[in-house]
Structures are given as structure tokens and as C-alpha cells.
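A.B. asks: With the input below, show me the fold.
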Amino acid sequence: MQLFEVMDVVSKPVHVLVISGAEDEDVTQSTAGRILKAAAKFGLKNHLIYTRHAFIADSDIDKKLVTIHNHDGKGKKLTIDCRNTVAFVRGGAVENMAGLGLLRTLEMCGCFTVNSREVMELCRDKLLSAVLFEKKGIPSPRTSFVNGESSIDIALEKIGGKFPAIIKTITGSKGIGVVKVESKDSMVSALQAMWKYDAEVLIQEYIPLGYDVRTLVLDNEVIAVVRRNKVGEDFRTNVSLGAETQSYKLSKEEKEIVLKTSRLVGGYFVGIDHAVSNGQIYVLEANGGPGSAAEYYAAGKKISGDEMMSRVVKYVSDRNNWKPQLVELGLIEPIEVGKLGVLEGKLDTGNGGYNALHATNIDIRDGKVRFQTVDNKILRLPLQESREIHIGSGEVEDRPVVYLDTVFNGIKYKDVPYTLADRSKNKHPVLIGRDFMIKANVKVNLVKNMTLKPEIKEK
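C.D. replies: Predicted coordinates for the structure are as follows:
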């Protein structure tokens with residue numbers, strides 16, 4: 001029996017979850033509801049998980065199974081196979097430790113999350129985002145944290161010392177908790193009022209805007225854009241506050257900055273807000289759970305929120321479009337190589353080349369490689385190339401390279417290159433190289449295998 005019955009999983013339709021903290025909203029009119037509606041349209045199982053009630057009391061991480069209790073607030077429980085599940089995470093889901101813990105467990109068990117806990121927390125924290133933007137050269141309004149009256153002057157100097165200025169809570173959304181102040185006195189008054197309710201606050205330089213632009217990025221591709229015009233005399237442009245929308249075409253520079261920002265925050269599906277003032281592009285924020293209330297424009301054509309989320313769900317429900325989450329693994333891990341079954345593989349961060357597979361009696365002729373490998377099995381495969389491998393002490397070996405489908409950490413990879421080498425003196429028949437580790441998005445935790453040896457099951 002295989003450790004991960006991957007082919008059985010791949011043959012089943014994807015299970016769609018929506019993780020939400022906003023139980024009091026009208027689901028039928030929300031982005032969460034549109035995701036569920038789209039999933040149902042495509043014949044996919046779908047469930048709404050309320051973080052205020054749901055909890056995970058049991059999980060079988062080895063088998064990637066998780067049971068979510070009281071997921072609907074009505075006492076029902078749901079058991080999912082995380083290898084077969086995509087979870088859309090809404091912003092309200094990460095506002096408390098219960099939601100964060102549930103999300104972390106799903107990720108640990110192999111669920112594909114849109115977006116990950118790390119991305120959601122980064123996008124939610126406006127100060128952390130602002131610091132990251134500044135550090136990485138993303139043009140954005142100057143921002144500073146203020147935690148008491150003694151810090152106001154320093155913070156003002158950091159943002160340029162001019163008024164008007166913007167005050168906002170670190171974790172606000174939809175324009176809530178954002179105030180424009182015209183003087184230092186009004187700033188102090190507003191800050192005192194917000195601190196009274198234990199708000200964490202930052203101040204930001206004011207950029208005069210007539211509009212801003214929301215760009216939706218899915219898997220590093222721009223899929224829709226909308227211009228949001230200022231609400232009357234209000235300085236905010238949130239659709240939830242009544243902003244009117246229209247079509248917008250990104251310039252080459254705007255698109256480059258938007259995609260750079262999306263990659264920087266690590267989002268799979270994000271909304272990047274930016275504006276142009278006096279010819280200067282400013283990134284305003286990244287949203288890890290973009291809404292669908294506004295009508296968007298794709299290739300210049302207006303599309304509804306329902307259609308937008310249908311396109312997103314259709315794309316994400318294809319496993320070939322999934323990107324593995326960053327996972328910590330031990331030094332020794334099971335890896336399924338071609339038809340050889342599940343083998344013990346050693347992760348080697350110092351190996352910058354291809355994976356290596358044990359092979360003896362190597363015979364190359366007519367563009368094929370015949371070799372003997374684990375359990376004395378004989379394989380004959382196309383020779384893809386030859387590579388010079390430095391084996392130490394100045395010695396170099398010319399090793400043949402073959403391609404083998406591989407299952408690792410529950411995900412199937414086609415045509416993974418392996419160099420062939422005699423590893424009979426090594427304990428592990430497979431050496432997993434750094435390039436493949438990067439592709440699989442894993443890192444090594446050296447203590448992970450010290451107390452518990454991984455269970456390796458043969459077919």
C-alpha cells in the first residue's frame with residue numbers, strides 16, 4: 001500500500017471550504033456565498049466553516065485527515081481529506097486565535113489554502129505591510145506607528161510633518177477606522193479617542209487622490225482591474241462606502257509594481273490597491289481576502305462578482321494550479337519514485353543539482369539507459385542528458401539523467417530529473433536536492449526525525 005494514496009485522491013473532485021468569521025453577514029450577498037455558489041455550479045462539495053464555533057479536536061496528520069466539529073454552529077461535524085481540499089480564507093477568519101489555529105492545522109495536514117495564514121496576517125497588519133513595502137522598495141505612502149503622545153512628533157517627522165494626514169487602525173478594513181486630520185491638535189484628539197478603546201494606530205502621509213485602483217492577482221497573473229472613484233467629498237474610495245467604479249487599463253509600470261507587490265506578500269489570490277498622484281504610483285495596501293461586491297473589468301469587459309468568483313473557483317479547483325505551502329520536514333522523508341514505490345529519501349540542502357537515485361549496472365545505448373535499482377528492479381528509460389557531478393576531492397563523475405514521476409509530501413510531480421549513481425554505501429536510496437525542495441516549497445527541520453522515524457510503507 002502506498003503511503004499517500006495519491007491517485008485515489010486525484011481521481012476525486014476537489015472539496016471546497018470557505019473559512020469565515022463573519023457569521024452575521026448575509027451569505028448570499030457575500031464573497032463567501034459566491035465562492036460556495038460557484039463550487040456548487042461546478043459540482044464540487046462545499047462547506048462554510050465559521051471560526052466562532054468550529055474546532056478541530058482530532059486529526060490524523062499522517063493520513064491527512066481532519067475532522068472539524070461544529071463547523072456550522074449547529075453541532076455538525078465534517079471530516080475532510082486535506083490532500084483533496086482547497087480552503088478559501090476570508091479576512092474575518094484570522095481575527096482571533098481560534099481562526100488562526102484552525103487555519104494552521106489545515107495547512108499542517110496539507111490543505112491548499114487561499115491564502116495561507118502567513119499571507120493573511122501580513123496583509124491584515126497595515127504597519128507590517130508598510131514596513132515591508134519600504135524595505136523592499138515598493139512605492140507607498142510614508143507610514144509610522146504611534147503608541148502614545150510622546151511618539152507623535154517622531155511619527156510626524158517620519159511621514160513628512162505635513163497636514164492633512166491620515167490616521168488608521170492597524171487591522172481595519174473597508175475604510176473603517178480611517179480618519180483624515182487637518183492639524184496636530186485634531187490628530188491628538190483623534191488619537192486619544194482611538195487609544196481610549198485600545199486601538200493600535202498608525203499615521204500616514206496624505207496622498208491627494210481622485211480614485212484608486214484595485215487589481216486582482218491570481219497565481220501571479222492579473223485577472224481583473226477596477227477603478228474606484230472617490231465618494232463625493234470623502235477621501236476614501238471603498239466600494240462598501242458607495243464608491244462608483246469604472247474600467248481601467250494598467251500601464252506597464254503599474255502592472256510591474258502590482259505583480260511585484262503580490263509576489264512580495266506571497267499571496268496566491270490577492271487584491272492590490274494602488275493610486276497615481278502627480279504622476280507617482282503609490283501602493284496603498286494588499287488585501288488577502290479581496291471582496292467581490294464591485295463589478296470588475298477583465299480585458300476591458302465588465303464582469304459581475306458572481307462571474308469573477310466562478311473564474312477563481314474554476315481555476316483553483318484544478319490541482320495542477322495548486323502551489324505547495326511552505327512545510328517543515330525532517331531530514332529523512334518518504335518519497336514515491338516512478339513505479340519503485342515509496343522509498344526513504346534524504347533531504348540535502350547542500351546539493352544544488354538534481355535528485356539522485358540509486359543505480360548499478362548502468363548501460364547506455366540507443367538513447368536509453370538500462371540500470372538496476374532498489375530491490376534489484378531493472379528499469380530502461382530514455383536518456384535525457386548527462387551531468388558532471390563533483391563528488392569531492394576534485395573528482396568529477398559523468399552521470400546519466402532520467403525523468404521519473406514523483407510523489408512527495410502528498411503532491412505528484414511529473415518528469416522529475418534524477419541523476420543515477422551507485423548509492424549502495426549510503427543508507428538512503430534517494431537524495432533529494434535543493435532545487436526540488438524549492439519547487440516543493442519545503443524546508444528541513446533537523447530535529448523532526450530525531451524522536452520518531454517516519455513510517456515507510458511499501459506497495
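
A.B. asks: Sketch out the low-pLDDT regions of the stretch 201-350 of the chain for me.
C.D. replies: 232-243, 324-326 (pLDDT under 70).

A.B. asks: mind listing the strands for it?
C.D. replies: 201-205, 211-218, 221-229, 245-246, 269-277, 280-287, 296-298, 301-303, 327-329, 332-337, 342-347 (DSSP state E, counting those that start in this stretch).

A.B. asks: mind checking how far the first one is from the chain centre?
C.D. replies: It stands for strand 201-205. In terms of CA atoms, centre = their mean, to the nearest Å, the centre of strand 201-205 is set 27 Å apart from its chain centre.

A.B. asks: So for it, what gets flagged as buried?
C.D. replies: Counting neighbours by 16 or more other CB atoms under 10 Å, one finds that the buried residues in strand 201-205 are 201-205. The C-beta positions use only the backbone N, C-alpha and C, and glycine is treated the same way.

A.B. asks: got the CA positions of that strand in CSV?
C.D. replies: Extracted C-alpha coordinates of strand 201-205, given in CSV (Å, rounded to 0.1, in the frame of the first residue of the first chain):
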residue,chain,number,x,y,z
VAL,A,201,-2.9,53.1,15.4
LEU,A,202,-0.5,54.3,12.7
ILE,A,203,-0.3,57.6,10.9
GLN,A,204,0.3,58.0,7.2
GLU,A,205,1.2,60.8,4.8
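
A.B. asks: strand partners of the helix or strand that contains residue 370, parallel vs antiparallel please.
C.D. replies: Per DSSP states H and E: residue 370 is located in strand 368-372. According to DSSP bridges, strand 368-372 has the following sheet partners: strand 360-365 (antiparallel), strand 378-382 (antiparallel).

A.B. asks: Output the ones you listed in a markdown table; the columns should cover mean neighbour count, mean pLDDT and distance to residue 279.
C.D. replies: A markdown table is the format used below for the strands paired with strand 368-372 (neighbours: other CB atoms under 10 Å; pLDDT from 0 to 100; distance: least, CB to CB, whole Å):
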| stretch | mean neighbour count | mean pLDDT | distance to residue 279 |
| --- | --- | --- | --- |
| strand 360-365 | 12 | 96 | 61 |
| strand 378-382 | 13 | 97 | 55 |
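
A.B. asks: returning to what we had before: any idea which of the buried residues of strand 201-205 is closest to residue 295?
C.D. replies: residue 204 (28.4 Å; CB to CB).

A.B. asks: and the gap between the closest one and residue 76?
C.D. replies: According to CB to CB, to the nearest Å, residue 204 stands 44 Å off from residue 76.

A.B. asks: State the phi and psi torsions of residue 149.
C.D. replies: Residue 149 has phi and psi values of phi -60, psi -30 when expressed as degrees, to the nearest 10.

A.B. asks: So which residues of the stretch 1-150 of the chain form strands?
C.D. replies: So, for the stretch 1-150 of the chain - with DSSP E, counting those that start in this stretch - the strands run 15-20, 46-50, 55-60, 65-69, 77-81, 85-89, 112-114, 143-146.

A.B. asks: Would you mind checking which of the ones you listed scores lowest on average pLDDT?
C.D. replies: Among these, strand 55-60 carries the lowest mean pLDDT, a mean of 76.
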